[in-house]
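>>> Coordinates only, no sequence provided:
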């Protein structure tokens, strides 16, 4: 469920700019508005004040009118369900369930919530609060980096599957050199753009010591990529895991962003062109039971997971980013490219 952050005193900064910057990074931000100014903006013909900035959902907080989406006495769980497809919810009202506070203050003022244990950041010239991150009014990028690092990236970890036998190549393809790095090095670098927690899923841990990344073996071996996904989810410290094959040299962050934008609330989020791309996808830990059932029955097709789970399919006409390497001809062709 998305976390609710109380943005206090945000009239001191451009709130829509914060939403815009985070939306540009691929995140879905929900906004709860209250107070005379924000409600006037919401109803006086300017309904897209936050929506134009990229917010995924904007709702008004009030005690009256059947037309509003949220009522003041909604509990935290009810609010989170209404915003289930968002990564994070911003509220300019201290609604029930706001676990953290980010406060903006005018120059020279003292933070109102300086003694509140929920205060996580203060925006104001020359401010200083022990144990609390402080930002100037004009450092919106730094504030967004803080929000992304503290509230968004921790929801997602990444697992790079490197357990294939590479029979047709006769060597470990994950370690093949390409464009100044290795195949798996390129994929690890791409994954790190979206999370600080990355693991390699492989049964040969010694082969990957050079990458200084935890290497986890299969827990239910024999199921190929299905076993790798199962291990990745079982040991994951996060609810969602970005799963990538180790041999996609044409993959870059622009291909991951649509997955990041779409995954909240789904068990599996993946691409499809002529075929599904289950090894460039985001899986939720809710898949573990279905994975264990398939592996236990000797059924190793990832597509067999779909009927029992909530799957988000992102259609694309461009399969090139998912090109992988299975033969020396593949490797030579991609090296030239």
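Thanks, I have the structure now. Computed from a prediction, not measured in an experiment: that's the story for all the values here.

>>> mind listing the strands in the stretch 51-200 of the chain by residue range?
Counting by DSSP state E, counting those that start in this stretch, the stretch 51-200 of the chain has these strands, from start to end: 57-62, 70-71, 88-91, 100-104, 119-123, 133-135, 156-161, 177-178, 181-182, 198-201.

>>> Single out the most deeply packed of the ones you listed.
Mean neighbour count (mean count of other Cβ atoms under 10 Å) peaks for strand 156-161 among the strands of the stretch 51-200 of the chain, with a mean of 26. Placement of C-beta: from N, CA and C, glycine included.

>>> I'd like the average pLDDT over that strand.
For strand 156-161, the mean pLDDT works out to 96.

>>> Tell me the helices and strands packed up against it.
Under the contact criterion of 3 or more Cβ pairs under 8 Å, 6 or more residues apart in numbering; DSSP states H and E, strand 156-161 touches helix 183-191, strand 198-201, helix 225-234, strand 240-245.

>>> would you turn the strands of the stretch 51-200 of the chain into TSV with distance to residue 188?
Output for those, formatted as TSV (distance: least, Cβ to Cβ, whole Å):
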stretch	distance to residue 188
strand 57-62	34
strand 70-71	41
strand 88-91	26
strand 100-104	31
strand 119-123	30
strand 133-135	28
strand 156-161	6
strand 177-178	13
strand 181-182	9
strand 198-201	6
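
>>> Lowest average confidence across the ones you listed, which one?
Among the strands of the stretch 51-200 of the chain, strand 70-71 carries the lowest mean pLDDT, a mean of 42.

>>> what's the most buried one of the helices and strands packed on strand 156-161?
The highest mean neighbour count among the helices and strands packed on strand 156-161, using mean count of other Cβ under 10 Å, belongs to strand 240-245: a mean of 25.

>>> just to revisit the earlier point, right, and the strands of the stretch 51-200 of the chain - which one's nearest residue 327?
Proximity to residue 327, assessed across the strands of the stretch 51-200 of the chain by Cβ to Cβ, is greatest for strand 177-178 (14.6 Å).

>>> got the contact list for that closest one?
Contact with strand 177-178 is made by 186, 249, 331, 334-335, as judged by Cβ atoms under 8 Å, 6 or more residues apart in numbering.

>>> and if we set it to 6 Å?
residue 249 (Cβ atoms under 6 Å, 6 or more residues apart in numbering).

>>> Run through the helices of the chain in chain order.
For the chain, the helices defined by DSSP state H cover 15-24, 36-43, 76-82, 140-147, 183-191, 225-234, 253-262, 288-296, 328-336.

>>> show me the contacts for residue 187.
Counting by Cβ under 6 Å, 6+ apart, residue 187 makes contact with 160, 244, 246.

>>> Out of the residues you listed, the closest to residue 320 would be?
residue 244 (15.8 Å).

>>> For beta bridges, what are the partners of the closest one?
residue 160, residue 280 (DSSP bridges).

>>> I figured it was touching residue 160, is that so?
Yes. Counting by Cβ atoms under 6 Å, residue 244 touches residue 160, with 5.3 Å between them.

>>> ok so, going back, columns mean pLDDT on top of the helices of the chain, output as TSV?
Shown next, in TSV, are the helices of the chain (pLDDT from 0 to 100):
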stretch	mean pLDDT
helix 15-24	88
helix 36-43	59
helix 76-82	64
helix 140-147	92
helix 183-191	96
helix 225-234	96
helix 253-262	93
helix 288-296	96
helix 328-336	82
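
>>> Columns distance to residue 102 on top of those, output as JSON lines?
Below are the helices of the chain laid out as JSON lines (distance: least, Cβ to Cβ, whole Å):
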{"stretch": "helix 15-24", "distance to residue 102": "9"}
{"stretch": "helix 36-43", "distance to residue 102": "16"}
{"stretch": "helix 76-82", "distance to residue 102": "18"}
{"stretch": "helix 140-147", "distance to residue 102": "8"}
{"stretch": "helix 183-191", "distance to residue 102": "28"}
{"stretch": "helix 225-234", "distance to residue 102": "32"}
{"stretch": "helix 253-262", "distance to residue 102": "22"}
{"stretch": "helix 288-296", "distance to residue 102": "34"}
{"stretch": "helix 328-336", "distance to residue 102": "45"}
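
>>> quick one: residue 235 and residue 214 touch, right?
No. The pair residue 235 / residue 214 is not scored as a contact, 8.6 Å apart, by Cβ under 6 Å.

>>> middle-most residue in this structure, spatially?
Ranked by distance to the mean C-alpha position of the chain (Cα atoms, centre = their mean), the top residue is residue 260 at 4.6 Å.

>>> sorry, back to before: right, and the helices and strands packed on strand 156-161 - which one's nearest residue 253?
Closest of those to residue 253 is helix 183-191, at 6.0 Å (criterion: Cβ to Cβ).

>>> about what we covered before: and the strands of the stretch 51-200 of the chain: which comes nearest residue 324?
Among these, the nearest to residue 324 by Cβ to Cβ is strand 156-161 (11.0 Å).

>>> So which residues make contact with the closest one?
With Cβ under 6 Å, 6+ apart, strand 156-161 has contacts from 187-188, 191, 195, 197-201, 228, 232, 236, 238, 240-246.

>>> give me that answer again for 8 Å
Residues outside strand 156-161 that contact it (Cβ under 8 Å, 6+ apart) are 184, 187-188, 191-192, 194-195, 197-202, 216, 225, 228-229, 231-232, 236-238, 240-246, 260, 263, 279, 282.
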